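Participant: what's the 3D shape of this:
(one chain, ligands or ions: 1)
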Amino acid sequence: MPTRVAIVGGGPAGLTLARILQRHGLEAAVFEREDSPDARTQGGSLDLHPRSGQRALDLAGLTEGFRALARPEGEAVTIVDPSGTVLLRRTPRRPGGRPEIDRSALRALLLDSLTDGTVRWGVRIGDPEALLTEGFDLVVGADGARSAVRRVLNGVEPDRLHTVAELGIPDADRTHPELAALVGPGSLWGLGSNQNLNAKREGGGRIRVTCWPGDLGGATPGKRGLIARYSQWSPRLTALIEAADDEPVWRELHTTPVGMRWTRHPSITLVGDAAHLMPPVGEGANQAMLDAALLALAVVEHEADPSAAIAAYEDEMFRRTKPVALESRWIQSLFLSPTAARDTVDLFRLRPLGVVRALISRRRVARASRYHPTGSGLPSS
Ligand SMILES: Cc1cc2nc3c(=O)[nH]c(=O)nc-3n(C[C@H](O)[C@H](O)[C@H](O)COP(=O)(O)OP(=O)(O)OC[C@H]3O[C@@H](n4cnc5c(N)ncnc54)[C@H](O)[C@@H]3O)c2cc1C
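Facilitator: So this is what the prediction gives:
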C-alpha cells in the first residue's frame, strides 16, 4: 500500500510537501491550527533562491505561477550606516536570480494547487503519535519554531536569539515618497553597532520596517520609546519608524542548535523550522521548502516503506542544513557586531566571487559568536 502522509503545519514546508506528494498520486493531509487561510496576516516577503526555494517550486510544478507573482526588482539592496551615508547600493545585474514573493502570495499559490479538503483548518495537533493510530503511515512535523512533533523526537526547545520590533508604512510611494526613494525597489539595511534597522518592500506598496534595537532588558517600548533607542541615528533613518501607521509589534526570535539531530523514528520526521530553526537571514523558508521537496521525492521512491524514505531524507537533510545554519549564525552575529556596516559591505562585495563560504572558517565563527547573546549552538571546537 502507498504511504499515507499526515503533515502537521500548513506553512511553506507543509504545503510544498503536500503538493509534491499529490502530484505523484500519493495521499497527504495537512493539519493546520489556524482556523482559515486568512486567520492572520502572513508576515513579510521572502526571497526564493534558485537551488532551494525555486527548485522546490519547480518540483511542485509551480514555477510559472511563482514568476507571475514574484518581484525580481525586490533583490536590490542598499546599506547605510547610522549617519545615513550610503555604503553600498546593489541592483542585481541579472534580475530574476532571487526574486521576492509575499508570504501571503506564496501561501495562496500552494493552497490553490492542492486538492480540495487537503488542509484541515483549525486542528492543533498535540499528540502527533496519535496520527499513526488513525491510519497514517508517516507523520511529518512541518509545525515551525515551537514544533509539537519535535518534542516527540528530541524534546529540544529553541533558544531565544533576539527581540525585534515590526512596523509598516502603507502605500509608501504616495504617502512618503522620500522614504520610498531611500529604500529603493528592494530593501535598505541600516547597520550600527549592535543595533540595526531593515526596511523592505512588500507587494501593494507597503514597506515593512524591522528594528533590532539591541538589549532592551525585557522592555517592549512603543514607537516613541523605540525611536529613542536610535538616538544616535540620523533622523532620515528614524523617519522610517516615525512614518509607520501602527505601534511596533514585538516578536521573539529563536534558534535551535546548529546541527541538531534526533534518534531516528521509523514513522515520524521533521521539515523546515521544526528541523532546523535558523536566524532570519534569508535561508529558513528556502531550506524548509527544499526539505519538503526532497522528503516528498524520497517517499515517492520508497513508496511502501516510510522508514526507508525517512532515512534517505534525513541523511541528506542533516548534511545539507548544518553548514547553512552555521553560516546563518555567522551572518546574524556579523549584522549585530560593532563593525557590522563594514563587515556586511565586505560580505556583499565578496559574495559574487564565491569567496564567502570559504571565509567562514571556524575561527571567524567563534570570533563572531562573541556578539551572539547566548552563544549556544555554535561548535565548541
Ligand atoms: C522576521 C523574519 C524574517 C524572515 N525572513 C526570511 C527570508 O527572507 N527568507 C527566508 O527564506 N526565510 C525567512 N524567515 C524564515 C521563514 O519564515 C521560516 O524559515 C519559514 O516560514 C519556515 O517554514 P515552515 O513551513 O517550516 O514553518 P512555519 O512557516 O512556521 O509554518 C508552520 C505552520 O505550522 C502551524 N502549526 C504550528 N504548530 C502546530 C500544531 N501543533 N498543529 C497544527 N499546526 C501547527 C503554524 O500555524 C504554521 O502555519 C524569516 C523569519 C522571520 C521570523
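Participant: When you work out contacts or count neighbours from here on, use the C-alpha atoms and nothing else.
Facilitator: Fine.
Participant: Would you list the phi and psi of the residue sitting nearest the centre point of the chain?
Facilitator: The centre of the chain sits closest to residue 284, judged by C-alpha atoms, centre = their mean, with a distance of 3.4 Å. Dihedral pair for residue 284: phi -50, psi -60, per degrees, to the nearest 10.
Participant: nearest spatial neighbour of it, skipping sequence neighbours?
Facilitator: residue 278 (6.2 Å; C-alpha to C-alpha, 6 or more residues apart in numbering).
Participant: Could you report the neighbour count for the one you found?
Facilitator: Here the count is done by other C-alpha atoms under 10 Å, and residue 278 has 29 residues near it.
Participant: mind checking which helix or strand it is in?
Facilitator: Assigned by DSSP states H and E, residue 278 falls within no helix or strand.
Participant: Would you confirm that it contacts residue 259?
Facilitator: No: in this structure, residue 278 is not within contact of residue 259 by C-alpha atoms under 8 Å, at 10.6 Å.
Participant: what's the pLDDT at residue 357?
Facilitator: pLDDT recorded at residue 357 is 47.
Participant: whoops, I mixed them up, residue 173
Facilitator: Looking at residue 173, its pLDDT stands at 96.
Participant: which element is it on?
Facilitator: Here residue 173, judged by DSSP H and E, is contained in helix 172-175.
Participant: about what we covered before: list the contacts of the residue nearest to residue 284.
Facilitator: If you count contacts by C-alpha atoms under 8 Å, 6 or more residues apart in numbering, residue 278 has them with 254-256, 284, 325, 328-329.
Participant: Which positions in this structure make contact with the ligand?
Facilitator: The chain has residues 8-14, 31-34, 46-47, 123-126, 142-145, 147-148, 272-274, 280, 282-286, 288 near the ligand, with proximity defined as C-alpha under 6 Å from any ligand atom.
Participant: Can I get the buried ones among those residues as something I can paste into ChimeraX?
Facilitator: To isolate the buried members of the residues of the chain next to the ligand in ChimeraX, using 16 or more other C-alpha atoms under 10 Å:
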select :8,9,10,11,12,13,14,31,32,33,34,46,47,124,125,142,143,144,145,147,148,272,273,274,283,284,285,286,288
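Participant: buried sites along stretch 99-115?
Facilitator: Under the neighbour-count criterion of 16+ other C-alpha under 10 Å, stretch 99-115 has 99-107, 109-111, 113-114 buried.
Participant: oh, I was asking about stretch 341-352
Facilitator: Using 16+ other C-alpha under 10 Å as the test for burial, stretch 341-352 gives 341-342, 344-345, 347-348.
Participant: Neighbours of the residue nearest to residue 307 when sequence neighbours are not counted, how many?
Facilitator: Excluding the flanking residues, the one nearest residue 307 by C-alpha to C-alpha, 6+ apart is residue 266, at 4.5 Å. Neighbour count for residue 266, taken as other C-alpha under 10 Å: 16.
Participant: Let me see the contact set for residue 266.
Facilitator: Residue 266 touches 306-307, 310, counting by C-alpha under 8 Å, 6+ apart.
Participant: nearest to the ligand, of the residues you listed?
Facilitator: Among those, residue 310 lies closest to the ligand (C-alpha to the nearest ligand atom), at 16.9 Å.
Participant: which of the contacts of residue 266 are buried?
Facilitator: Among these, those buried by neighbour count (16+ other C-alpha under 10 Å) are 306-307, 310.
Participant: Which positions within the lengthiest strand in the chain qualify as buried?
Facilitator: If each strand of the chain is counted by residues according to DSSP state E, the longest one is strand 159-169. By 16+ other C-alpha under 10 Å, the buried positions in strand 159-169 come out as 159, 161-169.
Participant: how about a markdown table for those residues, with distance to residue 235 added?
Facilitator: Output for those, formatted as a markdown table (distance: C-alpha to C-alpha, whole Å):
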| residue | distance to residue 235 |
| --- | --- |
| 159 | 34 |
| 161 | 28 |
| 162 | 24 |
| 163 | 23 |
| 164 | 20 |
| 165 | 18 |
| 166 | 18 |
| 167 | 17 |
| 168 | 17 |
| 169 | 16 |
